[in-house]
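> Need coordinates for the below:
(chains A, B, C, D and E, ligands or ions: 4)
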Amino acid sequence: MNVLDFARAFFVDSAHWHGYDGIPTRFAEHIGYCLEALAIAAAIGLPVGLLTGHTGRGGNALAFLATAGRALPSFGLLVLMFIWIGLGLLPVMIPLVVLAVPPILVTTYEAVRSVDPSPVDAARGMGMPEARVLFQVEVPVALPLILSGLRTAAVQIVSTATIAAYVSLGGLGRYIIDGLYQKDYEKVVGGATLVAGLALVTLALFWAVSRLAVSPGVRRSGRG
Amino acid sequence: MSGFFDLPSDLGQSWLGLVGLHLREALLPVLAGLLVSLPVAQLCVRFRWIYPPVLGIATVLYAIPSLAFFVVLIDYFGQSETTVMIPLALYSLVVLVPAIVDGVRSVPPETLAAAQAMGFGAVRRYFQVQLPLAVPAIIAGLRVATVSSISLVSVGMLIGNQGALGNMLYAAQTYGRPALAVNAVLTIGVLGMLADAALVLLRFLLTPWMPRKGAGR
Amino acid sequence: DNPLTGGKADGDSVVVGSNNFPESTLLADIYGEALKAKGIKVTYKPNIGSRETTYGLIKNGSLTVMPEFNGALLAHLDKKATPKTLEETQDAINAKLDSRLTLLDPAPAQSKDSVTVNAATAEKYHLTDKSSIADLKDIAGDLVIGGSPEFQARQQGLEGLKSVYGLEFKSFKALDTGGPLTLAALKKNAVQVADVFTTDPNITKEKFVVLQDPKNLFGFQNVQPLVRKGALPEKGVDALNAVSAKLDTKTLLELDTQVQAEKKDPLDVARAWLKSAGLG
Amino acid sequence: MIRIDAVTKRYPDGTVAVDRLSLEIPDRAITVLVGPSGCGKTTTLRMINRMVEPTEGSILLDGQDIRQQPVNTLRRSMGYVIQNAGLFPHRTILDNIATVPRLLGRSRRQARDRAAELMERVGLDTALAKRYPYQLSGGQQQRVGVARALAADPPVLLMDEPFSAVDPVVRKQLQDELLRIQEELGKTIVFVTHDIDEAIKLGTRVAVLRTGGRLAQYAAPAELLSAPADAFVEDFLGADRGIRRLSFFPSAGLELQTAPLVPADADAGTLAARATAAPYLLVTDPDGRPLGWSEPGRLTAGAVDRERLLDYGRPFVPGTDSLRAALDGAVLSPTGWAVAVDGEGRAVGVVSQQVIGEAIRAAHGRVAERAGEAAGR
Amino acid sequence: MIRIDAVTKRYPDGTVAVDRLSLEIPDRAITVLVGPSGCGKTTTLRMINRMVEPTEGSILLDGQDIRQQPVNTLRRSMGYVIQNAGLFPHRTILDNIATVPRLLGRSRRQARDRAAELMERVGLDTALAKRYPYQLSGGQQQRVGVARALAADPPVLLMDEPFSAVDPVVRKQLQDELLRIQEELGKTIVFVTHDIDEAIKLGTRVAVLRTGGRLAQYAAPAELLSAPADAFVEDFLGADRGIRRLSFFPSAGLELQTAPLVPADADAGTLAARATAAPYLLVTDPDGRPLGWSEPGRLTAGAVDRERLLDYGRPFVPGTDSLRAALDGAVLSPTGWAVAVDGEGRAVGVVSQQVIGEAIRAAHGRVAERAGEAAGR
Ligand SMILES: Nc1ncnc2c1ncn2[C@@H]1O[C@H](COP(=O)(O)OP(=O)(O)OP(=O)(O)O)[C@@H](O)[C@H]1O
Ligand SMILES: Nc1ncnc2c1ncn2[C@@H]1O[C@H](COP(=O)(O)OP(=O)(O)OP(=O)(O)O)[C@@H](O)[C@H]1O
Ligand SMILES: [Mg+2]
Ligand SMILES: [Mg+2]
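Ligands and ions are numbered 1, 2, ... in the order given. Predicted structure coming up:
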């Protein structure tokens, strides 16, 4: 049996489509974890990134923090947080947020930093208050890059949220962990397929968002 | 057996031994990834149309949790380092290929035109101009790939003590010794940052030709 | 043998594996140290995972010796089997066991999976250590049961509880093999019922109540080394059988307590016991 | 009037970009700051709208220190145009231009109407309104930049090398348009360039700065050309100073001779009568447009061999063109005579290089007189 | 000689960049391709070293089709210099210059020696040898580009807008250096620019291309200025055509008058004797350097009030400078006379604008004669 057969077997098994261990439940749980983690990470990363990018200060400290964030192992943090905090969602959210903040932070910072200085200069020159300079000039121009940072973070979260299953939470990781211990390849492959699928859906969503939110003027002039 | 660096016997290694093992399990895949990425990226530069599909495949692979890879690979490579390293190598591709492609593509067209006009053939142009100029981008990619590889190795613990420093996490749980988990997380974090610093230093040494302002990220 | 297995079962070295729970590691250390005492070269591969995984590994030669629990092993090999005696268990296993593998003598020590409820649940439903699993019949629908992920799919797990006792729990929560997750979940009442090893020192400590198993779902669970045929020299076989002979449930519980409650290193515990038993 | 009063700017790194600069910038005129790269032009300009704060000295706008009003109010009262226009890439042309009116609280509709009006004023097709900046050529972008700066009808316009990124042909167009707009709107414009030709063409007054941010000379372009303050300014003005200066001498007073004009179909009598009028005759076509010079002896009535006529150079339009154009026409033709034409290109007379030379000397005299008067006052 | 023979280049997207272009590029001279943006200059240049392959037509180098030799051999026999120099940012200046010799198999030592030699030739301090390109100014980088192109001593040099990214002052230096190098080395240079002044200054011959890649005119600069082939070329040459053309008329033949020269310390007798020599006298200092003009009546022996002297404009050096400089000097001075000086700045005579005018006409005559001769042959 190859991987495709496992996947097919997993999806045609009707038992996998309902109940607390059914695909809809697990999928919803997974999306819930991801959205929550992404929201927290964005709530931390975006403002800090925008502010440091706008002022151009703190870039080095930020780079250090981001490297540190990337270097801390998500799985290790999960176990540590479980030991410290015990069962619950918090031990999962901490590593996911630590994982997702660096790409959001660094990309947002870089995105705002790398905005062509002349429109910004012009904006100041015409008497725009700093907040408007940031939100009406820098952010719209930096938006494609900012979104790409969020996208990277989102895909990483989608993939990494599977570790929630290790501390007995649900989500798509359940299939993978259970599959591992039960030696049930159908579950593992099925779960992995669902995760990859969700990642692709995430990519597509971000693509759609950037189509809608990014000004055609920036989209075309940016990458050509 | 309660000191910060005293490990339970079932880990079968000293702390230093685990550090060495961890580095090997994390760095070999990145090296392999780099060796694969270079030709793949060159193909992507040469034939623009293969870049999007290559990137798509890499992204899908990247989205598959490492544990899923492990489970499937155990059947072929057993409970071994190889099993842990293959997914890590695959993950590094998603970072390295675009980094190299962007690096090679960002070589100023006039520099390339100058090389062409001086009678550089395609091979010479690649090795003597494009590749050296892509070094900063490649190292930027390597930094991300290396750091995440170092942090990802720990998941290998789930398939039976194949997570190097990550194995301490299991011990921390079963023996109720949080210090071991702290040790593991910190050691892995510090290793990642040291590797990152080493790469920054490498970039510094390899690119005396770059304006020396700011440390970069 | 598959050269890619990465196992070190080559030539003279004996590879002793264990599952991912502390008792299994302790048993591996006991058997392994006993072999070492006889001058046999030993490599440990501890904490591998579930039986589903380790059985595959010993089959393909990555492992040489694996401490097993006979009833659980049988359930893995034959879900339908319902042996009444230790002999029947051994025969049933031998009938299904891979031809390259063999079982050595079983130890008197038993460490069973069990259906255990936490103190609150016991109080609420008036359950005592005299109560039976069958008593859960009416209330199972209100209870969440926890166990290792593999418990969900095993005969000696959810499947058996359903087919033998007719229990359908509200839901199953995947935890670990009687480890910290299970304890935490049971204590926090995240699950009301869980699979806990009968040798777990926490049972008394946390006032958990182990329910009786009148239909013998969890069968005999004698500690018994599973080995690859011909991979262990004669003196090794003798050494392991000698160990098993001296290992009873009380001893095992005591050793488990040293490791899990007193946080001693299993290897030290194993060596100390072997020495005291005159085997090391 | 903007009055820069003993202003010094020292950047944190110690660079003195502007050194005790004092300038009076008149209203409703174009004042150009010119000088080599790094001489502090941009810094000076940006101090006027407080994008850079002076280290010492003060800047007065209509007698009031610019630090007395809120910085954004000040900036909104000054249009700012920079190289490459600095357009907002994410906004359409119309919305780019409408930015400041919107900032000032005008409704979207009003702001857009105003923007459309301005597009026409700066010579942009309103069909471009919905485009994004990347869809425009460099010259068009620069026009948008000017329109945007004008949108709130600010009395002051600050322009920092606005045309230096476009090619010479477009640049000339943009300069001409700026002059036209200035004539129509009468803004106070401070214009930075490092191109002395541009400075002389556009400036009512030109301030030449030298490296280190010190003022070398501040004068009207004609005066700059005729009396550079020192060797630095003289060098900076380049070799063609004399001829370029002729741009400021009008050709209106030139005494044109009409006798040498003969139509191509002139009869023998006319030809004979004109033969002694001049060493050369200018043959014109039936509409009166010049065809070329000929020696009188070579002409025969009613049959002009156009091939044998001598080049008449580039004609000038008296009154509109300067003596520079007249002299250019004269030295371009082998005869040494320049041809004057009217707006439709019909020859209205000819003038010899010698007469042009006298006109130049006379113009010098007038300048000297005026200078004397000014000095006498 | 490079011979471009009815060459057409059509890019895959259908753009016709060059349209049936034929040009003969003489050896040991600078041939300039000039024209508006997008007219196919770069394409033409790149077809010569086969970085672009023509769609139709052929290019011959010394009579041999360039497609007959291996492409890299061909390219190594041609230096190539582009805007922003296109230096290898990862190599030191010395190694940048040594690139082609190394490619040709020279030892590292030899190549570096050669590179050091070339740095001097293009006016670069050898102290810069170990620097990287980012540490150099734009003008220095451009010099390195030229040195690198010269390193293998190729007979042909292709230059694509090499100086267009540097500021006007440095640009002039680079142009002068190119002329000097060309004089010393006698390379065959094909030079692309969109700046007509640069074309006229540098070109032995200038090819003006029009949009669409067609040749508008191919002539020596003086001819281009005096006889533009059509309105496009005339427009492209700009307004100052006549005066600019004077650059090609030598001032050597000008008849200088020495009578109006009087030393500042002249005695009354001398002054009286000179009084009628000219309407103005040029007062010189003891070394013979001009001080200024004065009407004879205003001078009194032994006491010159320098303040009251009239500006003598910008003197010219007969023989070295052209009639353009002489005329500039004449129109700059209120007297209408130009001052001639020798190399040390000592006045050697004066000449009136009228005489210059006659010289211009005479020069026109000579040009016409030569044109006639050429046509007659
Ligand atoms: N923010 C700054 N910090 C330090 N030095 C600066 C800063 N801005 C400008 N300078 C320096 O101040 C001097 C004047 O700069 P400025 O930009 O005003 O020159 P400029 O005349 O506009 O030159 P250019 O023609 O190149 O635009 C230069 O030496 C420049 O390097
Ligand atoms: N690779 C290409 N593919 C398609 N069209 C091209 C290509 N290269 C140049 N062109 C087009 O061919 C025409 C001539 O280009 P070329 O670069 O030769 O012009 P140029 O005279 O050098 O212009 P410039 O002064 O802007 O450098 C232009 O219209 C240009 O857009
Ligand atoms: Mg400036
Ligand atoms: Mg070009």
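> burial measure for residue 98, as a count.
By default, I'm working from chain A. Residues near residue A:98, counting by other CB atoms under 10 Å in any protein chain shown, number 20. Every C-beta, even on glycine, is put in place using the N, C-alpha and C of the backbone.
> The chain in question should be chain D.
A count of nearby residues for residue D:98, using other CB under 10 Å, gives 26.
> can you tell me which residues contact it?
Residues near residue D:98 by CB atoms under 8 Å, 6 or more residues apart in numbering or on different chains: D:108, D:111-112, D:114-115, D:151.
> Among those residues, which lie within helices?
D:108, D:111-112, D:114-115 (DSSP state H).
> Between these, identify the one with the most neighbours.
residue D:115 leads these on contacts (other CB under 10 Å) with 26 neighbours.
> For that one, which non-adjacent residue is closest in space?
residue D:97 (3.7 Å; CB to CB, 6 or more residues apart in numbering or on different chains).
> Next: residue B:141.
According to CB to CB, 6+ apart, the nearest residue to residue B:141 is residue B:99 (2.6 Å).
> Would you reformat the contacts of residue D:98 as TSV and include distance to residue E:186 and pLDDT?
As requested, the contacts of residue D:98 are exported to TSV (distance: CB to CB, whole Å; pLDDT from 0 to 100):
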residue	distance to residue E:186	pLDDT
D:108	67	94
D:111	64	94
D:112	63	94
D:114	62	94
D:115	59	95
D:151	58	92
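> could you redo those as TSV and give each row distance to residue B:193?
Shown next, in TSV, are the contacts of residue D:98 (distance: CB to CB, whole Å):
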residue	distance to residue B:193
D:108	51
D:111	51
D:112	53
D:114	56
D:115	52
D:151	51
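> quick one, what contacts residue A:156?
A:99-100, A:103.
> how near is it to chain E?
Relative to chain E, residue A:156 is positioned 33 Å away (CB to the nearest CB, to the nearest Å).
> and that residue, what helix or strand is that in?
Using DSSP states H and E, the element containing residue A:156 is helix A:139-160.
> Now do the closest residue to residue D:155 other than its chain neighbours against residue D:298, distance only.
Once flanking residues are discounted, residue D:155 sits nearest to residue D:188: 5.9 Å by CB to CB, 6+ apart. Separation of residue D:188 from residue D:298 (CB to CB, to the nearest Å): 58 Å.
> for residue D:3, same thing?
For residue D:3 relative to residue D:298 (CB to CB), the value is 65 Å.
> Among these two, which residue is more densely surrounded?
Ranked by neighbour count (other CB under 10 Å), residue D:3 and residue D:298 place residue D:3 first, with 16 against 13.
> my guess is that one meets residue D:59, correct?
Yes: under the criterion of CB atoms under 8 Å, residue D:3 makes contact with residue D:59 at 7.0 Å.
> closest point of the stretch 1-150 of chain C to chain A, which residue?
The stretch 1-150 of chain C approaches chain A most closely through residue C:52 (3.4 Å), counting by CB to the nearest CB.
> Look up the closest residue to that residue, ignoring the ones flanking it.
Nearest to residue C:52 is residue A:183, by CB to CB, 6+ apart, at 3.4 Å.
> so the one you found touches residue C:53, yeah?
Yes: Residue A:183 is within contact range of residue C:53, at 6.2 Å (criterion: CB under 8 Å).
> Now do the strands in chain C.
Under the criterion DSSP state E, chain C contains strands at C:14-17, C:42-45, C:65-69, C:101-103, C:115-117, C:144-147, C:171-174, C:193-195, C:209-210, C:223-228.
> Give me the contact list for the third one.
Residues external to strand C:65-69 that are found in contact with it (CB under 8 Å, 6+ apart): C:14-18, C:24, C:27-28, C:30-32, C:35, C:51, C:54-55, C:58, C:103, C:110-112, C:221-228, C:232, C:240.
> now the angle between strand C:223-228 and it, please.
Calculated by axes from the mean of the first three to the mean of the last three CA atoms, to 10 degrees, strand C:65-69 forms an angle of 140 degrees with strand C:223-228.
> longest helix of the chain?
Using chain A here. helix A:23-55.
> other chain: chain C
helix C:22-37.
> Quick one: list the elements packing against that helix.
Using 3 or more CB pairs under 8 Å, 6 or more residues apart in numbering or on different chains; DSSP states H and E, the elements in contact with helix C:22-37 are strand C:14-17, strand C:42-45, strand C:65-69, helix C:234-246, helix C:249-256, helix C:266-276.
> Tell me which of those lies nearest to residue D:139.
Comparison of those against residue D:139 by CB to CB identifies strand C:42-45 as nearest, at 74.8 Å.
> Relative to chain C, which residue of the stretch 1-150 of chain D is the closest?
For the stretch 1-150 of chain D, CB to the nearest CB, closest residue to chain C: residue D:90, 49.0 Å.
> tell me the pLDDT at residue C:173?
If you check residue C:173, the pLDDT there is 91.
> just to revisit the earlier point, how about the contacts made by the closest residue to the residue of the stretch 1-150 of chain D closest to chain C other than its chain neighbours?
Distances taken as CB to CB, 6+ apart put residue A:215 closest to residue D:90, at 3.5 Å, once the chain neighbours are dropped. Residue A:215 sits next to A:140, A:143, D:89-91, D:132 when contact means CB under 8 Å, 6+ apart.
> Please convert those residues to JSON lines, extending it with pLDDT and neighbour count.
Converted to JSON lines, those look like this (pLDDT from 0 to 100; neighbours: other CB atoms under 10 Å in any protein chain shown):
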{"residue": "A:140", "pLDDT": "95", "neighbour count": "21"}
{"residue": "A:143", "pLDDT": "95", "neighbour count": "20"}
{"residue": "D:89", "pLDDT": "94", "neighbour count": "23"}
{"residue": "D:90", "pLDDT": "94", "neighbour count": "24"}
{"residue": "D:91", "pLDDT": "95", "neighbour count": "22"}
{"residue": "D:132", "pLDDT": "94", "neighbour count": "23"}
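> Give me the residues contacting stretch C:80-88.
Contacts of stretch C:80-88 with the rest of the structure, by CB under 8 Å, 6+ apart, involve C:70-71, C:74-75, C:89, C:91-92, C:106, C:155, C:216, C:219-220, C:222.
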